[in-house]
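Student: sequence and predicted structure below; questions after.
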Amino acid sequence: MSGHSKWANIKHKKEKSDSKKGKIFTKIGREIMVAVKQGGPDPDNNVKLYDVIAKAKANNMPNDNIKRSILKASGDADQDNFEEVIYEGYGPSGVACIVEVMTDNRNRAAADIRHAFDKCGGNLGTTGCVSFMFERKGVIIIEKKDSVDEETLMMEAIEAGAEDFSSEDEYYEIITEVSAFSGVRRILEDKKYDLMEASLQWVPGTMTTLDEENGLQMEKLIDMLEDSDDVQNVYHNWES
């Protein structure tokens, strides 16, 4: 089968450096706290929390950090209240962008995001301006290893409920419907597969190519957005 491998290539070309690990852990910790506030501290009874913990482990977040975030959300009623907001916009040459935000100050977040788009040749749009070009999907990435048999993994993923499977140079990509994501991930975890990534994401249906100048501007836009403490994830349909 084939599906969204171009999107996966885009995402994994931008490997997160060690210098960004602390920022990544902070953002995931924020997601954990929001999930606990919404559904409680027990991941067995809180699917959203279970999914965020899986994302944390896929990013090599230490267990102690995960536990601290859960305890903090469970016991501190006076902590900052974060809200989840989605912004949509256009990058250079009309590249479609979706920016997921978790913030305690919506005005600050909106101003920072608008500034990044304006500075990099894009513009912040209105709700719905580009989201119709994306689908919400579960994405699971498994590293290619000698111990992982491609045919076996593909059959087990399909039997678990995956809708798509693709093989890339260094990893396998499994796509699921949102409703099937948690079940597929749990089954693959139970079968002892090491998941490089497992999360719900926005997957573009069509891709856009850029010339070198606009490509550099797009890279700058992504970096500026990801450097914001309020921004959790950036999705786009640029085929680099």
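Tutor: Thanks, I have the structure now. Residues are numbered from 1 along each chain as shown.
Student: what comes into contact with the longest helix along the chain?
Tutor: In the chain, taking DSSP state H as the definition, the longest helix is helix 21-39. Residues outside helix 21-39 that contact it (C-beta atoms under 8 Å, 6 or more residues apart in numbering) are 16, 45-49, 51-53, 55-56, 59-61, 65-66, 68-70, 72-74, 79, 81-82, 84, 102, 227, 229, 231-232. Heads up, the C-betas are built off the backbone N, CA and C, glycines and all.
Student: can you name the element that comes right after that helix?
Tutor: helix 47-58 (DSSP states H and E).
Student: before we move on, back to that, give me the angle between the longest helix of the chain and helix 47-58.
Tutor: Interaxial angle, helix 21-39 versus helix 47-58 (axes from the mean of the first three to the mean of the last three C-alpha atoms, to 10 degrees): 160 degrees.
Student: buried residues of helix 21-39, list them for me.
Tutor: 24-25, 27-37 (16 or more other C-beta atoms under 10 Å).
Student: could I get the residues you listed as TSV with distance to Met155?
Tutor: TSV is the format used below for the buried residues of helix 21-39 (distance: C-beta to C-beta, whole Å):
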residue	distance to Met155
Ile24	33
Phe25	35
Lys27	35
Ile28	32
Gly29	36
Arg30	37
Glu31	32
Ile32	33
Met33	38
Val34	36
Ala35	32
Val36	36
Lys37	39
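Student: nearest to Lys144, of the residues you listed?
Tutor: Of all the buried residues of helix 21-39, Ile24 has the smallest distance to Lys144: 23.1 Å, by C-beta to C-beta.
Student: quick one: that closest one from Glu173, how far?
Tutor: Ile24 sits 20 Å away from Glu173, taking C-beta to C-beta, to the nearest Å as the criterion.
Student: so what's the residue count around Ser182?
Tutor: Around Ser182 there are 19 other residues, counting by other C-beta atoms under 10 Å.
Student: ok, it touching Asp51?
Tutor: Yes: with contact defined as C-beta atoms under 8 Å, Ser182 counts as touching Asp51 (6.3 Å).
Student: and the helix or strand where Ile141 lies, what does it pack onto?
Tutor: Ile141 belongs to strand 134-143 when assigned by DSSP H and E. Where contact means 3 or more C-beta pairs under 8 Å, 6 or more residues apart in numbering; DSSP states H and E, strand 134-143 is packed against helix 5-13, strand 171-176, helix 178-190, strand 195-204.
Student: how far away from the center of its chain is that strand?
Tutor: Centroid displacement of strand 134-143 relative to its chain, using C-alpha atoms, centre = their mean, to the nearest Å, is 9 Å.
Student: alpha carbons of it, as CSV, please.
Tutor: Presented in CSV, the C-alpha positions along strand 134-143 are these (Å, rounded to 0.1, in the frame of the first residue of the first chain):
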residue,chain,number,x,y,z
PHE,A,134,-5.7,18.1,5.4
GLU,A,135,-7.1,15.0,7.1
ARG,A,136,-6.8,14.2,10.8
LYS,A,137,-5.0,10.8,11.0
GLY,A,138,-3.2,8.6,13.4
VAL,A,139,0.5,8.3,12.4
ILE,A,140,2.8,5.6,13.7
ILE,A,141,6.5,5.4,12.7
ILE,A,142,8.6,2.3,13.3
GLU,A,143,12.3,2.3,12.7
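Student: please renumber the chain so that the first residue is 21 from this point on.
Tutor: Yes, from this point I'll number from 21; that puts the last item at strand 154-163.
Student: contact partners of that strand?
Tutor: Strand 154-163 is contacted from outside by 24, 28, 32, 78, 116, 118, 168, 173, 177, 182, 190-198, 200-202, 204-205, 208, 213-225, 255, 257, using C-beta under 8 Å, 6+ apart.
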